[in-house]
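Asker: what shape does this take:
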Amino acid sequence: MAPPPPLVIPTRSARFYENIPGYLVFLVETTLFRVEPNTIYRSSEVLRDIADSPGPDGSRQVPSDANPIPLPPQVGAMAFEVFLRVVHADPPNMEDYDSETFAPLILSVLELGRFLISPVTKNHALQMIKARSYCFHPTLLISLSYQYRSRLFFVHAFRKLVAYDLRDLSYEQTDLLGMRVYVAFARLKESLAQHRAIIAAEEPLFAKETKDETGGKNIKVGPCHHPGCKDHQSCEEDWHCVWWNGIGRSLLDGRNPLSWTESVKKLEAMHFGRMHLGCRQIILEYIEEDQLNGHGRVYDMIDAVSGMLLADIVEDN
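Answerer: The predicted model follows:
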């Protein structure tokens, strides 16, 4: 016959235990919390209903250390203490959370806020998650945004998600995204890959003067050659080669593709052949303005998709 489990004697909370008659006594895991009832009643209807529940004989029980009000096992003592601090207008600061236990604890606080129907507790947890969003994978942040109907960190999380390839996500992480977000993410990645290929293959062209049907001059959009450049054709031919070897091959490298910023740095370090030094400076400044072939449009594409998904999240009033 198996021996009985060892007897666990509850300990009193160091912060929330006041030995005053009429105060409520809650048992959370192995910790006793003795708190003023009116604050609890105002803060959570769930706790009020639990505290007012009749005993076995049908009468209202008077809680004590020997007869505390037990909370469900999914409620943790550390999360409950955070809840009490929040409802007593003394919420923990970011420095109060241990960095190693922050993520699981704040998620427990968030779930406790929902379980106890305590908006202030839920909002506190969401603000803490936003402040330390780097502690969480973007798929989890997106899932929390929908689950708890909060827009606080959705856009930031979606932008972080775009940095991942589809193959980098586990099945569990794709499940967290949900079908609508996953499909939108996959389509966006396909559009970004196509846009990346266009940028790689099409260098920014120097502006050329052409005549329209009326005989007037029509100047194409783009940078102009330096006045000292006397051989535009050779300049543009070498610019095409430099672009492909610096930007094109870097962006499309199948084994080790570089980011746009890394590719530009590589381009700047290259030899520009017969290009005039003034033309080189002009074209590099044009690239830095982030107008190149719509490269800045990448962010617009990401924001458009995240904005569409953000509209699905209806926050609580």
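
Asker: residues touching residue 37, list them.
Answerer: Residue 37 makes contact with 22-24, 51, according to Cβ atoms under 8 Å, 6 or more residues apart in numbering. C-betas here are computed from N, CA, C, even on glycine.

Asker: residue 12 is in what secondary structure piece?
Answerer: Assigned by DSSP states H and E, residue 12 falls within strand 11-17.

Asker: return the distance of whatever helix or strand comes next after that strand from the chain's centre.
Answerer: Sequence-wise, the next helix or strand downstream of strand 11-17 (DSSP H and E) is strand 24-28. Relative to its chain's centre, strand 24-28 lies at 36 Å (Cα atoms, centre = their mean, to the nearest Å).

Asker: surely residue 102 meets residue 132?
Answerer: Yes. If you go by Cβ atoms under 8 Å, residue 102 and residue 132 touch, sitting 6.3 Å apart.

Asker: more neighbours: which of these two?
Answerer: residue 102 (17 against 14; other Cβ atoms under 10 Å).

Asker: re the thing from before, let's have the contacts of residue 37 in TSV, adding distance to residue 34 and neighbour count.
Answerer: Formatted as TSV, the contacts of residue 37 follow (distance: Cβ to Cβ, whole Å; neighbours: other Cβ atoms under 10 Å):
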residue	distance to residue 34	neighbour count
22	10	8
23	5	16
24	7	21
51	12	18
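
Asker: helix, strand or coil for residue 223?
Answerer: Secondary structure for residue 223, judged by DSSP: H, G, I helix; E, B strand; the rest coil, is coil.

Asker: how close does it sit to residue 277?
Answerer: Separation of residue 223 from residue 277 (Cβ to Cβ, to the nearest Å) stands at 14 Å.

Asker: more neighbours, the two?
Answerer: The neighbour comparison of residue 223 against residue 277 (other Cβ under 10 Å) goes to residue 223, with 18 against 11.

Asker: what strand or helix carries residue 106?
Answerer: Element membership for residue 106 (DSSP H and E) is helix 102-115.

Asker: helix or strand right after that helix?
Answerer: In N-to-C order, the element after helix 102-115 by DSSP H and E is helix 119-131.

Asker: list the buried residues of that next one.
Answerer: Buried residues in helix 119-131, counted by 16 or more other Cβ atoms under 10 Å: 121-126, 128-129.

Asker: between that helix and helix 102-115, what angle do the directions make?
Answerer: Interaxial angle, helix 119-131 versus helix 102-115 (axes from the mean of the first three to the mean of the last three Cα atoms, to 10 degrees): 150 degrees.

Asker: and the helix or strand that comes right after helix 119-131, what's buried?
Answerer: Next helix or strand after helix 119-131 toward the C-terminus (DSSP H and E): helix 138-147. By 16+ other Cβ under 10 Å, the buried positions in helix 138-147 come out as 138-146.

Asker: no further questions, thank you.
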